[in-house]
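A.B. asks: build the 3D model from these lines:
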Amino acid sequence: MHMKKSIAMLAILSMLVVGCTQEQNYLPIAQNIISEEVGNLDPYGSFYIDNKEGTKFVLALSTTDAKTDRLTKRLQKALPSNSLLIKTDYKYPVAELKKVQSQLSQDLPKLLTKGNDVVALSIDEPADKVIVDATSLTDETKANLINQYGDKIGFQTDPSLTHPTPIAN
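C.D. replies: Sure, this is the predicted structure:
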């Protein structure tokens, strides 16, 4: 279910950024193949769209096995050859990054000390990290987080960031 939501969100974002292009045509095909071959891709890596140098579907794998081998072959056959990039050097599967994000969320009250103002915690799949977005973050806090999470964590510190507005029910 989570994967379908992620793929659906990618479809919406791709239509907004690029318009009605190959993402719109091929994303449902990729979604079906992923679901059939591995179900939830989170334990294996990530699938996302990279529009930096032309549109590319990226299958980023942190682990490979017979399932991911079949998945890779099916995606290669189903998607245009110049539109699929397969990365097998992805360090952390999304499932592991979600755990880090969850731990950080639980520890957020400790992070919100003098000199720290955390605005959001997000997973940056292309960077293979959990990003701590903050208006301010002390060097001590950054060092502590790096000590605890290593290269699974990154920081974006910008005083102009704002806290999200809660959505009313």
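A.B. asks: how near is the residue minimising distance to the centre of the chain to residue 73?
C.D. replies: For the chain, the residue lying nearest the average C-alpha position, counting by C-alpha atoms, centre = their mean, turns out to be residue 125 (2.7 Å). Computed with C-beta to C-beta, to the nearest Å, the distance linking residue 125 and residue 73 is 22 Å. Where C-beta positions appear, they are placed from N, C-alpha and C, glycine not excepted.
A.B. asks: just say helix, strand or coil for the residue of the chain most remote from its centre.
C.D. replies: The centre of the chain is farthest from one residue, residue 114, which by C-alpha atoms, centre = their mean lies 29.7 Å away. Assigned with DSSP: H, G, I helix; E, B strand; the rest coil, residue 114 falls in the coil class.
A.B. asks: same deal with residue 110?
C.D. replies: Per three-state DSSP, residue 110 ends up helix.
A.B. asks: numbering from 59 from now on, please.
C.D. replies: Happy to do that; since the first residue is 59 now, the last one works out to residue 168.
A.B. asks: what segments of this protein are helices?
C.D. replies: Counting by DSSP state H, the segments of the chain that form helices are 60-76, 80-95, 124-136, 152-164, 166-169, 197-207.
A.B. asks: would you mind putting those into TSV with mean neighbour count, mean pLDDT and distance to residue 190 alongside?
C.D. replies: Compiled in TSV, the helices of the chain are given as follows (neighbours: other C-beta atoms under 10 Å; pLDDT from 0 to 100; distance: least, C-beta to C-beta, whole Å):
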stretch	mean neighbour count	mean pLDDT	distance to residue 190
helix 60-76	14	49	21
helix 80-95	17	88	29
helix 124-136	15	95	30
helix 152-164	17	95	7
helix 166-169	12	82	8
helix 197-207	14	93	7
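A.B. asks: isn't residue 138 right up against residue 84?
C.D. replies: Yes: if you go by C-beta atoms under 8 Å, residue 138 and residue 84 touch, sitting 7.5 Å apart.
A.B. asks: ok so, going back, now the helices of the chain as TSV including distance to residue 220?
C.D. replies: Below are the helices of the chain laid out as TSV (distance: least, C-beta to C-beta, whole Å):
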stretch	distance to residue 220
helix 60-76	21
helix 80-95	29
helix 124-136	38
helix 152-164	19
helix 166-169	17
helix 197-207	20
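A.B. asks: for residue 101, find the nearest of these.
C.D. replies: Distance to residue 101, taken as C-beta to C-beta, is lowest for helix 152-164 among the helices of the chain, at 4.8 Å.
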